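Participant: next come a sequence and a model predicted from it.
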Number of protein chains: 2
Amino acid sequence: MDHKVDTRSRILDIAEASVLEKGFEATSIEEIVAGAEISRGGFFYHFKDKNALARAMLERYIDAENALYDDLFARARELNDDPLHSMLIGLKLLAEMLEEMPTGHPGCVIASTAYQDRLFDEGVRDLNRQAILGWRARFRGMFEQIARVYEPREPINMDALGDMVSSVVEGGLVLQRALREHNNASEQIMLFRTYLKLLFAPKA
Amino acid sequence: MDHKVDTRSRILDIAEASVLEKGFEATSIEEIVAGAEISRGGFFYHFKDKNALARAMLERYIDAENALYDDLFARARELNDDPLHSMLIGLKLLAEMLEEMPTGHPGCVIASTAYQDRLFDEGVRDLNRQAILGWRARFRGMFEQIARVYEPREPINMDALGDMVSSVVEGGLVLQRALREHNNASEQIMLFRTYLKLLFAPKA
DNA sequence: CGTCAACTGGACTCGCAGTACAGTCAGGAA
DNA sequence: TTCCTGACTGTACTGCGAGTCCAGTTGACG
């Protein structure tokens, strides 16, 4: 456990950085082993093929993202007990966090795998799917809690509203990548936040 | 001009279908020439390399998308002269259109190229960038027109709001692809429509 | 001392991008 | 009619990256 901070994790770290920067397909095993300072054989000792690497990366990403959401909205809830206000605080924290990520955000791995479907097996695709469905359920639950206190001003499909968090993050990240700007995702989150404010605003 | 409906366009058609289905990298020149019933030499006669193909595809996509937006919002404007209401109609039409596209929507090519950056040269990336900036300007203009009639209920960054159309479409398409569902993008558009309704609702 | 996990290193196959180039073939200009 | 050119075909080659196979090394632990 000296400089070999667990080779497997080191491979994942290198791969992650490269995939975030240029995509999965464009990331060669060659450069991963060069970066991790191991041999090709060593790579295949840990991962049967590139698919297995993708799967492991996705698992890590999704766990990290879920932990992040858990933490963020738990902190937000501590700051304000009202479901709407704690959600607004959580989204603000999320936007701030996105702004502080110079290169990229795990979220884009979701999009990345989505658009390179055929490169991945059913397992990878299913991981991706389950992650998004998990976020849908998570946010749907939170929005339902809000709706119990503040009646929405317009009828809303709660599943779609739950998806909108992921959608707005993913969409923002796509813009960010394509435009080479740095705050599109956080701006989109802030717009979504304003949406919620309007949607659940008391009629009074 | 008999069965050879212009070989170049035929190549683009085949490539387009394949790229929409499985991504650019996973689309081999081999299968394109097989589909278009030409030789490998024939392909390279028309396109210097895969990059040139990507560029031509993107150009076609962007033109088509712009023409679609022109048409859609022109029709919407004919149906209602009010800027807000015609925007709401246009978004409804857009959502309906997205629902009727079984496989995919050109929009995903934007995301696709964004996430496979390094495969493409500066020209391709710039096309992508200009397209998104164009949509930003287009929608920003429309929202400003609306804001002149209906004062927004919350202060809004108009550039970001313009981007939100693209963001919500792209994000919805990501979800759609990952979840293997078929109406996420149109649902997201409809949510965005509700947003605009709330944002520009008269205070009365 | 032996064993086992965690590697190294090299040789090989295969598929795909891209290059090179010689040859074919239809149709319009001279 | 001849010649030229644009739109190809066909073949052969290089080079790269994924993935396979496997024999051998090394360090920690029982």
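Facilitator: Nice, I can see it.
Participant: quick one, helices of chain A?
Facilitator: Counting by DSSP state H, chain A has helices at residues A:7-22, A:29-36, A:40-46, A:50-79, A:83-99, A:107-114, A:122-149, A:158-179, A:184-199.
Participant: mean pLDDT for these: which is lowest?
Facilitator: The minimum mean pLDDT among these belongs to helix A:107-114 (a mean of 77).
Participant: returning to what we had before: can you add mean neighbour count and give the helices of chain A back as TSV?
Facilitator: Using the backbone N, CA and C atoms, a C-beta is placed for each residue, glycine as well. Putting the helices of chain A into TSV (neighbours: other Cβ atoms under 10 Å in any protein chain shown) gives the following:
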stretch	mean neighbour count
helix A:7-22	18
helix A:29-36	16
helix A:40-46	14
helix A:50-79	16
helix A:83-99	19
helix A:107-114	26
helix A:122-149	17
helix A:158-179	26
helix A:184-199	23
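Participant: near DNA strand D, which residues of chain A show up?
Facilitator: Contact residues, chain A versus DNA strand D (Cβ under 7 Å from any atom of the strand): A:27-30, A:40-41, A:44, A:48-51.
Participant: tell me which of the helices of chain A lies nearest to chain B.
Facilitator: Closest to chain B of those is helix A:158-179 (Cβ to the nearest Cβ; 2.9 Å).
Participant: just the CA trace of the closest one, in CSV.
Facilitator: Taking C-alpha atoms only, helix A:158-179 is exported to CSV below (Å, rounded to 0.1, in the frame of the first residue of the first chain):
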residue,chain,number,x,y,z
MET,A,158,-44.0,13.9,-11.0
ASP,A,159,-41.9,11.3,-12.7
ALA,A,160,-41.0,13.8,-15.4
LEU,A,161,-40.2,16.4,-12.8
GLY,A,162,-37.9,14.0,-11.0
ASP,A,163,-36.2,13.3,-14.3
MET,A,164,-35.8,17.0,-14.9
VAL,A,165,-33.0,17.2,-12.4
SER,A,166,-31.0,14.6,-14.3
SER,A,167,-32.1,16.0,-17.6
VAL,A,168,-31.0,19.6,-16.7
VAL,A,169,-27.7,18.4,-15.3
GLU,A,170,-27.0,16.2,-18.3
GLY,A,171,-28.2,18.8,-20.8
GLY,A,172,-26.1,21.5,-19.1
LEU,A,173,-23.1,19.3,-19.3
VAL,A,174,-23.6,18.6,-23.0
LEU,A,175,-23.7,22.4,-23.6
GLN,A,176,-20.7,23.0,-21.4
ARG,A,177,-18.7,20.4,-23.3
ALA,A,178,-19.8,21.6,-26.7
LEU,A,179,-19.4,25.3,-26.0
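Participant: so what's the gap between it and the chain middle?
Facilitator: 10 Å (Cα atoms, centre = their mean, to the nearest Å).
Participant: what angle do it and helix B:184-199 make?
Facilitator: Going by axes from the mean of the first three to the mean of the last three Cα atoms, to 10 degrees, helix A:158-179 is angled at 100 degrees with respect to helix B:184-199.
Participant: so what's A:N51 closest to, chain neighbours aside?
Facilitator: A:D121 (5.3 Å; Cβ to Cβ, 6 or more residues apart in numbering or on different chains).
Participant: how many neighbouring residues does the one you found have?
Facilitator: 13 (other Cβ atoms under 10 Å in any protein chain shown).
Participant: get me the contact residues on chain A for DNA strand C.
Facilitator: Within chain A, the residues that sit near DNA strand C (Cβ under 7 Å from any atom of the strand) are A:4, A:7-8, A:37-42, A:45-46.
Participant: can you tell me which of the residues you listed comes closest to A:I189?
Facilitator: A:R8 (33.1 Å; Cβ to Cβ).
Participant: what sits against that closest one?
Facilitator: Taking Cβ atoms under 8 Å, 6 or more residues apart in numbering or on different chains as the contact definition, A:R8 lies against A:46, A:56.
Participant: A:E65 versus that one, what's the distance?
Facilitator: Look at A:R8 and A:E65: by Cβ to Cβ, to the nearest Å, they are 20 Å apart.
Participant: now do A:I146
Facilitator: A:I146 is 22 Å from A:E65, by Cβ to Cβ.
Participant: tell me the spacing between the nearest residue to A:R148 once chain neighbours are set aside and DNA strand D.
Facilitator: Excluding its sequence neighbours, the residue lying closest to A:R148 (Cβ to Cβ, 6+ apart) is A:P83, at 7.8 Å. Distance of A:P83 to DNA strand D, given as Cβ to the nearest atom of the strand, to the nearest Å: 46 Å.
Participant: list the residues that contact A:P83.
Facilitator: A:P83 neighbours (Cβ under 8 Å, 6+ apart): A:142, A:145-146, A:148-149.
Participant: which members of the residues of chain A next to DNA strand C are the farthest-apart pair?
Facilitator: Counting by Cβ to Cβ, the most remote pair of the residues of chain A next to DNA strand C is A:K4 and A:R40, 17.4 Å apart.
Participant: how much space between the residue nearest to A:N51 and A:L68?
Facilitator: Distance, A:D121 to A:L68, using Cβ to Cβ: 27 Å.
Participant: please apply the same query to A:L12.
Facilitator: Distance from A:L12 to A:L68, by Cβ to Cβ: 17 Å.
Participant: which of the helices of chain A sits closest to B:E96?
Facilitator: helix A:158-179 (15.6 Å).
Participant: packing partners of the closest one?
Facilitator: helix A:107-114, helix A:122-149, helix A:184-199, helix B:107-114, helix B:122-149, helix B:158-179, helix B:184-199 (3 or more Cβ pairs under 8 Å, 6 or more residues apart in numbering or on different chains; DSSP states H and E).
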